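Asks: predicted model and sequence below, questions to follow.
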Amino acid sequence: SSEDALHQRQPGPHGPSPSRPGPHRDTGLSPHTGVVPFVALLLLQRRPVAGRALLVTGSGCPGHSLCRSNVQEQTRRQVAVLNATAQELFSLYLKCQGEPFSSETDKLCNPAGIFFPAFRVNRTSERKEVMVAMYKLFAFLNASLGNITRDQEELNPMAKDLLDRLHNTTKTTRGLISNLTCLLCKNYNIFQVDVRYGDSSKGKSAFKKKQQGCQVLRKYVQVIGQAARVLLPHLSPS
């Protein structure tokens, strides 16, 4: 349940305590645990990292003025857009990687060997539990898109359609994370979320970079439909 992810721990007045450092800037390090302040969440979303941030409930939420009046409807639209465009993004990515990815997709893009956030909520789950799971999923996806986009700018700099689609997906994902952050804070006083990020592809071979992006996007296609089916009913007008 979501309570398993909730930790009643307040950050110190000067930020993370020494025993729980924030995510390290070196993306090559293995995952670890740290406390990420609310104000740093949007900054963190821009950085492809491997790390963890501790979820906390408490009195640290900013004013509700951060939420737009239509935040719930906007969140619905963003999830629907990501769901509708995921398969197209994956197909375009495959096309631009060339062989052997086009002919051996099932083998090379099998996501079984990579980390991807577990998504165990369903339509009967509590709304808070669903929102926390969604934040973890899309924060991970946003960081992964950063890795993939950086690699494709290096490997396929002339693939304008793919790069545009990656940038547009990232933009939508960042907007969604911002809205989820707002809803979690406003409705549940949750201002820090436990997020594990995948490994950076920096320093890997061109083939491994292509494969990692392929695996992540394949898994994304599989999960986004389920996420949309679970989240959208929770965002329906009451």
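Replies: Received the coordinates, thanks.

Asks: any chance you could map the strands in the protein?
Replies: 52-53, 56-57, 190-192, 195-196 (DSSP state E).

Asks: mean confidence for the second one?
Replies: Per-residue confidence for strand 56-57 averages out to 46 on the pLDDT scale.

Asks: let's have the chain start at 232 instead
Replies: Taking 232 as the first residue, the last one we looked at is strand 287-288.

Asks: where does pLDDT dip in this protein?
Replies: 232-297, 468-469 (pLDDT under 70).

Asks: what about the helices in it?
Replies: 272-276, 302-328, 336-339, 358-386, 391-419, 437-465 (DSSP state H).

Asks: how about JSON lines for these, with mean neighbour count and distance to residue 431 added?
Replies: All C-beta atoms are positioned from the backbone trio N, CA, C, and that covers glycine. Below are these laid out as JSON lines (neighbours: other CB atoms under 10 Å; distance: least, CB to CB, whole Å):
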{"stretch": "helix 272-276", "mean neighbour count": "17", "distance to residue 431": "14"}
{"stretch": "helix 302-328", "mean neighbour count": "18", "distance to residue 431": "18"}
{"stretch": "helix 336-339", "mean neighbour count": "13", "distance to residue 431": "20"}
{"stretch": "helix 358-386", "mean neighbour count": "22", "distance to residue 431": "6"}
{"stretch": "helix 391-419", "mean neighbour count": "19", "distance to residue 431": "16"}
{"stretch": "helix 437-465", "mean neighbour count": "19", "distance to residue 431": "9"}
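
Asks: CSV for these, including distance to residue 347?
Replies: Shown next, in CSV, are the helices of the chain (distance: least, CB to CB, whole Å):
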stretch, distance to residue 347
helix 272-276, 17
helix 302-328, 14
helix 336-339, 16
helix 358-386, 7
helix 391-419, 15
helix 437-465, 5
